[in-house]
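> here's my sequence, what's the structure:
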Amino acid sequence: MLDRIREGSKGPAAKIILFVIIITFALTGVSGYLGGGNEDYVAEVNGEKISRMDFDRAYQNERARMEEQLGDFFDNLLADESYMRDFRQGVLEQLIEERLATQFAREQGFRPSPESIRDNIRRMPEFQIGGQFNNDRYVALLMNAGFTPEQFRDYMANELGRSTMLSGIMMSEFMLPSEAEYFQRLQNQRRSGEFLRIPVESYTDSVTVSDEEIAEFYAQNESRFETEERIRVEYVTLDFDDVLATIDVSEEQARQFYEQNTANFRSPERREIAHILVEGDDQATRERAEALLARIQQGEDFAELAATESDDTFSGSDGGELGRLERGMIDPDVEDAGFALAQQGDVSEIIQSEFGFHIVKLTMLRESQVDAFDDVRDMIVTNLRRERAEQAYFEMQQELSQIAFEMDNSLEPAAQALDLEIQVSDWIGRQGSAEFDDQRVLNEIFSRDVARDNLNSELLEIGERSYVFRAAEYQQASVMPLEDVRERIEQTLLLRKAREEAQQFAQQLLDDYRAGELPAGVDMESFDAVSRYSDSVPSAVINQLFRLPVPTDGSVSAEITELRDGDIAIVAVTEVMEGEVDSDSLAQVTEQFQARYIDAAYQAFMDALKEQASIRRNL
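Numbers count the residues shown, from 1 in each chain. Take a look at the predicted model:
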């Protein structure tokens, strides 16, 4: 079998997780299933340890996903210790839940058949080229990851078993058609009603605020009157593109590099082979292999024989293809036979290995050749320019950093030495500005050394630019004097008292309305058959209208609510019209609710597993 042949491989030993590849099946890597010695662990779940290496990989992958999703905003989150602590804990809980689900699936006997595992592997796009499974790519990826096909199949068995079990539990959730219809009737319901607005400003003339109240409010809410910490900085910028623009590479220099590094422009010989395996080591087995070789020599198709006669059924389904031939990838005997073949299409004699007897065919041979100078000239020039620019940029970085450190009370010496312009920023707050919003820059310029001690900053490299900053002007966060905010506080307290007066008056009117005795001159504004999404009346009125109970037997259904502008309103519902069912969107409603049910079922399932499990967290 091909997977047994792979056991003889001499590929790399490091176990690098295929997290990026197996994204459809795993939250983390496979090393938890493959064992890991006595390494540090972050959790123990029913006696099984989750290694710190697995956690670090899962954490880095989740962090990369968040960075891609949130962009530069994620840098701000990175500076929030509380958020990052919760973020790490969330990754750990994901790993624990995955391990619990895997254990439960194993205990309940959820294990896919070998055919299902093979079919799933062959359908994975990471192992395909041009939409077809490629055995060369499959073997190379596994070998580069440092584990065997057997280990990968065991891992896939665990993952498929877990996903099958979870699918069985989650997909059993459903929404009855009657439930979907009832929900739609509620959503499409229309209501008629009336409301009365009570302006808060009409009470501001009847209330007063004392000096003591203003002082008390100021003392209790000082944080509301803080000025933002901000800084303006001087800075110099060393730009790699500017350095690159000064670098030239002549034709002679490019040709000299080409002649001295010809091996770099030689494409290696490429071989691809196929084989037919006859398992066994007795005479009968050899005779069967010899009979197959004879049929090939008589003109029968090698690929068809591999598909029907080879005991390596995995490669046999691909015509016996083993893909690209490289040293250390497969059994040495088969490997030697493949390298011994001279012409594309050549077939070897019978080769014996520890797995049986092989017939090897050279299916592709591309000879080694050297690219012409004209074909690679532009690439050489580009690479040489960049290499020399990187060296020059590095040296200038070191010089800039050293001068800025040694003469830390000014940027002038560094700017003069490197012919750089000193620029001055606009005001920058803790949240950044249009000029500078990188969190590393903000952390540096608001550091004590720069902001308060007026020293040059450390050299910061952002992308392909390097900066050194110093404070031009700094303002600490401070509480504004009471006199500067007195008027604002007074207005706030006046409105608060006016709103309380309006609330009391609204309650009196509501009692009168419920009793059918509104005072003369007080008229409610009516509206007819509005939906939940109507914009003909204030949104706060709509929200309150659909929260009110349906009036029955001459009862009054009314309540007080606060409008968005701060005014108070009495809202009453007078008539309710049953909503209609929209058959076109019924399936969408059902799908949305089933998704909610599935989320709830998953959380309940995990809560139950955690409650019964022995979990030790070590993070």
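
> separation between Ala604 and Ala43?
21 Å (CB to CB, to the nearest Å). For the C-beta atoms, the positions are set from N, CA and C on the backbone; glycine is no exception.

> now do stretch 604-619: everything it contacts.
Contacts of stretch 604-619 from elsewhere in the structure, counted by CB atoms under 8 Å, 6 or more residues apart in numbering, are 41-47, 55, 88-89, 92, 96-97, 100-101, 104, 169.

> same check, this time on stretch 557-567
With CB under 8 Å, 6+ apart as the criterion, stretch 557-567 contacts 197-200, 495, 499, 502-503, 506-507, 510, 513-514, 538-541, 543-544, 547-551, 568-573.

> neighbour count winner among Ala604 and Ala43?
Using other CB atoms under 10 Å as the criterion, Ala604 and Ala43 rank with Ala43 on top: 21 against 11.

> helix/strand/coil for the more buried one?
Applying DSSP: H, G, I helix; E, B strand; the rest coil to Ala43 yields a three-state assignment of strand.

> thought it was touching Lys49?
Yes. Ala43 is within contact range of Lys49, at 7.4 Å (criterion: CB atoms under 8 Å).

> just the buried members of the contacts of stretch 604-619?
Buried members of these, scored by 16 or more other CB atoms under 10 Å, are 41-45, 55, 88, 92, 96-97, 100-101, 104, 169.

> on that earlier part again, just the ones of the contacts of stretch 604-619 in strands?
Taking DSSP state E, the ones among the contacts of stretch 604-619 that sit in strands are Tyr41, Val42, Ala43, Glu44, Val45.

> next, format the residues you listed as JSON lines and append pLDDT.
As requested, the ones in strands among the contacts of stretch 604-619 are exported to JSON lines (pLDDT from 0 to 100):
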{"residue": "Tyr41", "pLDDT": "84"}
{"residue": "Val42", "pLDDT": "89"}
{"residue": "Ala43", "pLDDT": "91"}
{"residue": "Glu44", "pLDDT": "93"}
{"residue": "Val45", "pLDDT": "92"}
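
> okay, and the helix or strand of this structure with the least pLDDT?
When the helices and strands of the chain are scored by mean pLDDT, DSSP states H and E, helix 2-6 comes last with a mean of 35.

> quick check: Gly323 is in a strand.
Yes. The assignment for Gly323 is a strand, going by three-state DSSP.

> need the pLDDT of it.
We note a pLDDT of 82 for Gly323 in this prediction.

> can you tell me how far the closest residue to it other than its chain neighbours is from Leu322?
Residue nearest to Gly323 in three dimensions, not counting chain neighbours: Asp136, with 2.1 Å by CB to CB, 6 or more residues apart in numbering. Distance, Asp136 to Leu322, using CB to CB: 7 Å.

> burial count for Gly109?
Neighbour number of Gly109 under other CB under 10 Å is 8.

> again with Glu251
Neighbours of Glu251 (other CB under 10 Å): 10.

> show me the contacts for it.
Arg377.

> can you confirm Glu212 is in a helix?
Yes. Looking at Glu212 with three-state DSSP, it is inside a helix.

> so where does the residue nearest to Gly323 fall, helix or strand?
helix 135-145 (DSSP states H and E).

> got phi/psi on Ala595?
Ala595 adopts backbone torsions of phi -60, psi -40, taken as degrees, to the nearest 10.

> pop out the phi and psi values for Ala477.
phi -70, psi 130.

> picking that back up, only the buried subset of the contacts of stretch 557-567, as a PyMOL command please.
Here is the PyMOL command that selects the buried residues among the contacts of stretch 557-567 (16+ other CB under 10 Å):
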select buried, resi 197+198+200+495+499+502+506+510+513+538+540+541+544+548+551+568+569+570+571+572+573
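
> read off the pLDDT value for the residue nearest the centre of the chain.
Central residue of the chain (CA atoms, centre = their mean): Arg65, 1.7 Å from the mean position. Listed pLDDT for Arg65 reads 86.

> how far is stretch 341-359 from where the chain is centred?
The chain centre lies 47 Å from the centre of stretch 341-359; the measure is CA atoms, centre = their mean, to the nearest Å.

> buried residues, it. List them.
For stretch 341-359, a neighbour-count test (16+ other CB under 10 Å) marks Leu341, Val347, Ser348, Ile350, Ile351, Ser353, Phe355, Gly356, Phe357, His358, Ile359 as buried.

> and stretch 330-337, by the same measure?
Ile330, Asp331, Asp333, Val334, Glu335, Ala337.

> just stretch 301-317 next, same as before
Those would be 302-303, 305-307, 309-312, 314-317, for stretch 301-317 by 16+ other CB under 10 Å.

> can you name the two of the residues you listed that are farthest apart?
Greatest spatial distance in these: Phe302 and Phe314, 16.8 Å, computed using CB to CB.

> check the gap between the residue nearest to the centre of the chain and Ser82 for me.
As for Arg65, its distance to Ser82 is 20 Å (criterion: CB to CB).

> could you do Arg99 as well?
In terms of CB to CB, Arg99 sits 26 Å off from Ser82.

> spell out the secondary structure type for the residue in the chain sticking out farthest from the centre.
Largest separation from the mean C-alpha position in the chain: Ala520, at 63.2 Å (CA atoms, centre = their mean). At Ala520 the chain is in coil, as set by three-state DSSP.

> in helices only, show me the buried residues of stretch 341-359.
Using DSSP state H, no member of the buried residues of stretch 341-359 falls in helices.

> so which of those comes closest to Arg230?
Out of those, the member with the shortest distance to Arg230 (by CB to CB) is Phe355, at 72.7 Å.

> and the pLDDT for the closest one?
83.

> what distance do you get for it to Pro332?
12 Å.

> name the nearest residue to Leu166, ignoring sequence neighbours.
Ala101 is the one closest to Leu166 (CB to CB, 6+ apart), at 6.0 Å.

> against Glu578, how distant is the one you found?
44 Å.

> for the strand or helix carrying Gln504, packing partners?
Remark: Gln504 resides in helix 482-514, with elements defined by DSSP H and E. Packed against helix 482-514, as judged by 3 or more CB pairs under 8 Å, 6 or more residues apart in numbering; DSSP states H and E, are the following elements: strand 190-198, helix 211-220, strand 557-562, strand 568-577.
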